[in-house]
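Visitor: can you look at this prediction? I've put the sequence above it.
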Amino acid sequence: PTYTRFLAGLGFLAATVLGSAAFLGWFLYGFSGRIARLEAALATQPDGEDLPRLESTGERELDRLVDALNAAGGRLRDARARIVAAERLATAGRLAASIAHEIRNPIAAIRLKAENALASGDLNRAALALEAMLGQIARVDTLLRDLLNLTQARPLHRTPTAIAPLLAECARLHEDLATARN
């Protein structure tokens, strides 16, 4: 009888170990399937894109990880939005510095032309100076209009520009400035 009880206990123990192993195998198989689905959802995301929103798995521990990944994805999206805003602000700062420089030059040319026109007393020279001043004012107006339109998306319209007349005008303005300084 003792030997029979020993064999029954040993059989029960073996059945319990085999049952536990089968249950653990079934549990791990299901758990690894859920993890594989999460990995697949993360792997299909192209580089540089935000993390995808992951669905709940039904497992408490995995759902904690899923929630953490979803929260990290939200923080990543917010950080990227802040980076874009900072880049836009930095670009606006660079543009403002460039605009200030570009406005200062035409204003100096306008002042010089006005002083020369007032000092000369020659009507032809005054008319030429006024034309040059109007050209510089149009340049400043274009710069300011472009600055105001910066916040609006607009298509780029490229047009051919004759470089020779542009360079001739720059040379003439340079000569006028050199003449006025002497």
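Guide: Here it is on my side, so go on.
Visitor: which ones are touching I103?
Guide: Counting by C-beta atoms under 8 Å, 6 or more residues apart in numbering, I103 makes contact with 140, 143-144. C-betas here are computed from N, CA, C, even on glycine.
Visitor: helices of the chain, residue ranges please.
Guide: Ranges of helices within the chain are 2-43, 60-120, 123-148, 163-181, based on DSSP state H.
Visitor: the residue nearest the centre of the chain and L147, how far apart?
Guide: Of all residues in the chain, the one closest to the mean position by C-alpha atoms, centre = their mean is V84, 3.4 Å from it. Distance from V84 to L147, counting by C-beta to C-beta, to the nearest Å: 20 Å.
Visitor: cool, and L134?
Guide: For L134, the distance to L147 under the criterion C-beta to C-beta works out to 20 Å.
Visitor: just want to know which of the two has more residues nearby.
Guide: Applying other C-beta atoms under 10 Å to L134 and L147 shows that L147 carries more neighbours, namely 16 against 12.
Visitor: give the full set of residues in contact with that one.
Guide: L147 is in contact with 95, 99, counting by C-beta under 8 Å, 6+ apart.
Visitor: which pLDDT value goes with it?
Guide: In this model, L147 is scored at 71, pLDDT.
Visitor: how close does it get to T16?
Guide: In terms of C-beta to C-beta, L147 sits 80 Å off from T16.
Visitor: rewinding a little: distance of the residue nearest to the centre of the chain from V17?
Guide: Per C-beta to C-beta, V84 is found 59 Å from V17.
Visitor: which regions of this structure sit below the pLDDT cut-off?
Guide: 43-50, 150-154, 182 (pLDDT under 70).
Visitor: pretty sure L177 sits against A109.
Guide: Yes - in this structure, L177 is within contact of A109 by C-beta atoms under 8 Å, at 7.2 Å.
Visitor: so those two - more neighbours on which side?
Guide: A109 (20 against 14).
Visitor: list the contacts for that one?
Guide: Applying C-beta under 8 Å, 6+ apart, we find A109 in contact with 132-133, 136, 173, 177.
Visitor: quick check: the farthest pair among those?
Guide: Taking C-beta to C-beta, the two most distant members of these are M133 and L177; they sit 13.6 Å apart.
Visitor: ok so, going back, got JSON lines for the contacts of I103, with neighbour count and distance to T161 too?
Guide: Listed next are those as JSON lines, based on neighbours: other C-beta atoms under 10 Å; distance: C-beta to C-beta, whole Å:
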{"residue": "V140", "neighbour count": "17", "distance to T161": "19"}
{"residue": "L143", "neighbour count": "16", "distance to T161": "17"}
{"residue": "L144", "neighbour count": "13", "distance to T161": "21"}
